[in-house]
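S.K.: here are the coordinates; sequence isn't available:
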């Protein structure tokens, strides 16, 4: 008969073995998540457990917010109301005109045989909180799979583009801000029509890349979405140029922009409906089909590859 | 004779549900929207390190991993980033636990500081591989404040284990 050690000595695997097991597991998770983006299901499953705890943790802040608006004085509300009414009246002329122009534009485009611009619609969402991680410029909004939000939808506020939905959970969704390091938005300079791409810098600013040193660009130039990516609708304000560094040693100028939307501070945003996929002509269709396997999603991996190249 | 250090007084055995409760409370504290303030300690790391030092047989890398994943999911971080950091901190804490408990509270805090600093450093290392830059030194203030909180935390978390102070003349201790 074997001698069994007394139960007092049974302490499971050695600490170093456990450590290597858990470290290997976390490293595997990290690599799979960062490289292949295939852990969304696991994330969604886990979020079912963490979501209640999170909403519990956000109760005090929400209560404070609500209390603040509850005790807002009548006078202030009346003043605000009057102001809003005035603003609406001021905007009415522009709105009516733009509606008429939209109709006219549509008619003209039809006459010219150009495809009509897509109508933009969406749903309003409230921002719950911004992610605690200092490396990720992300915010969490209160609309999720339940509200038919899908990854890739653009998010705007009253001043311009805020970001893009990157992850969807059952009740909430995660929006990557345009200032995030991994976010790129194709834009167009309003004054000259020059097209390029802005990338987030991760510190609240944006950089306009791939613009030659000799290009006509000035401080204060407005950038709007060009709509070439098929994700962001065309013509939404994105950023303003604030700093240009043109060193002839490099072929591209270094152009820093600040976002126009209150990207880092806002409370309500609008999630725009995804744009319908553009139908390609037949000769391009077959070419795209072969590439489709490589670039299955237009989100994460594709962007990272682009980042690596430059 | 009772030893002079309050850290080595004789305590009642810990109740497992209390450990679970404190870990959950730390998770809730971590979920509070306090991003805007620099130097808010990582409560969960602090509590995990505390229990790994105090009760290395009850709290260890397994719990650290699970709670790390909970942080990753909520924080929009890479999956496994917090888990890796917490597992390493828990391992360090439990392997140093015999030594750390030998010291008075102030010196314990000094020895815990590197463990707490490990957590943001590991997370930064993970992001550095992906290609992020240092988010500013304020990011590393958290462990410093957490270290200062160590004596207070020890007092609060050990409260349920304190013995009633009725001196019995016939008891040897």
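M.R.: Looks like it arrived, so ask away. For clarity, every value in this text was computed on a predicted model and none was experimentally measured.
S.K.: Give me the mean pLDDT for the helix or strand hosting residue A:90.
M.R.: Per DSSP states H and E, residue A:90 falls inside helix A:74-112. Mean per-residue pLDDT for helix A:74-112: 86.
S.K.: Summarise which helices and strands that helix is packed against.
M.R.: On a contact count with 3 or more Cβ pairs under 8 Å, 6 or more residues apart in numbering or on different chains; DSSP states H and E, helix A:74-112 meets no helix or strand. All C-beta atoms are positioned from the backbone trio N, CA, C, and that covers glycine.
S.K.: For residue A:215, see how far away residue A:94 is.
M.R.: The gap separating residue A:94 from residue A:215 is 32 Å, by Cβ to Cβ, to the nearest Å.
S.K.: quick one: which of these two has more around it?
M.R.: Ranked by neighbour count (other Cβ atoms under 10 Å in any protein chain shown), residue A:94 and residue A:215 place residue A:215 first, with 17 against 9.
S.K.: where's that one relative to residue A:251, distance?
M.R.: 11 Å.
S.K.: Quick check: end-to-end length of stretch B:90-110?
M.R.: 16 Å (Cα to Cα, to the nearest Å).
S.K.: Name the next helix or strand downstream of the helix holding residue A:90, please.
M.R.: Taking DSSP H and E, what comes next after helix A:74-112 is strand A:122-130.
S.K.: Go ahead and name everything in contact with that next one.
M.R.: A:58, A:61, A:138-143, A:147, A:149, A:153, A:155-156, A:172-173, A:266-273, B:33, B:35 (Cβ atoms under 8 Å, 6 or more residues apart in numbering or on different chains).
S.K.: pLDDT weak spots in chain B?
M.R.: B:1-9, B:35-36, B:164-168, B:171-173 (pLDDT under 70).
S.K.: List the buried residues for the lengthiest helix in it?
M.R.: Longest helix of chain B, by residue count under DSSP state H: helix B:105-130. Along helix B:105-130, these residues count as buried under the neighbour rule (16 or more other Cβ atoms under 10 Å in any protein chain shown): B:108-109, B:111-113, B:115-120, B:122-124, B:126-127.
S.K.: Residue A:35: which of these is nearest?
M.R.: residue B:126 (13.0 Å; Cβ to Cβ).
S.K.: What separation is there between that closest one and residue A:27?
M.R.: From residue B:126 across to residue A:27, the span is 9 Å (Cβ to Cβ).
S.K.: what sits in contact with each of these two?
M.R.: With contacts taken as Cβ under 8 Å, 6+ apart, the residues that reach both residue B:126 and residue A:27 are residue B:84.
S.K.: picking that back up, of the buried residues of helix B:105-130, list those near chain A.
M.R.: When contact is defined as Cβ under 8 Å from any Cβ of the partner chain, the buried residues of helix B:105-130 meet chain A at B:123-124, B:126-127.
S.K.: and the residue nearest the centre of chain B, what does it touch?
M.R.: Residue closest to the average C-alpha location in chain B (Cα atoms, centre = their mean): residue B:46, at 2.5 Å. Residue B:46 makes contact with B:26, B:116, B:146, B:149-150, B:153, according to Cβ under 8 Å, 6+ apart.
S.K.: returning to that earlier point: can you lay out the ones next to chain A among the buried residues of helix B:105-130 as a markdown table showing distance to residue B:83?
M.R.: Converted to a markdown table, those look like this (distance: Cβ to Cβ, whole Å):
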| residue | distance to residue B:83 |
| --- | --- |
| B:123 | 11 |
| B:124 | 15 |
| B:126 | 10 |
| B:127 | 15 |
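S.K.: ok, those vs chain A, which is closest?
M.R.: Sorting those by distance to chain A puts residue B:127 at the head of the list, at 4.4 Å, by Cβ to the nearest Cβ.
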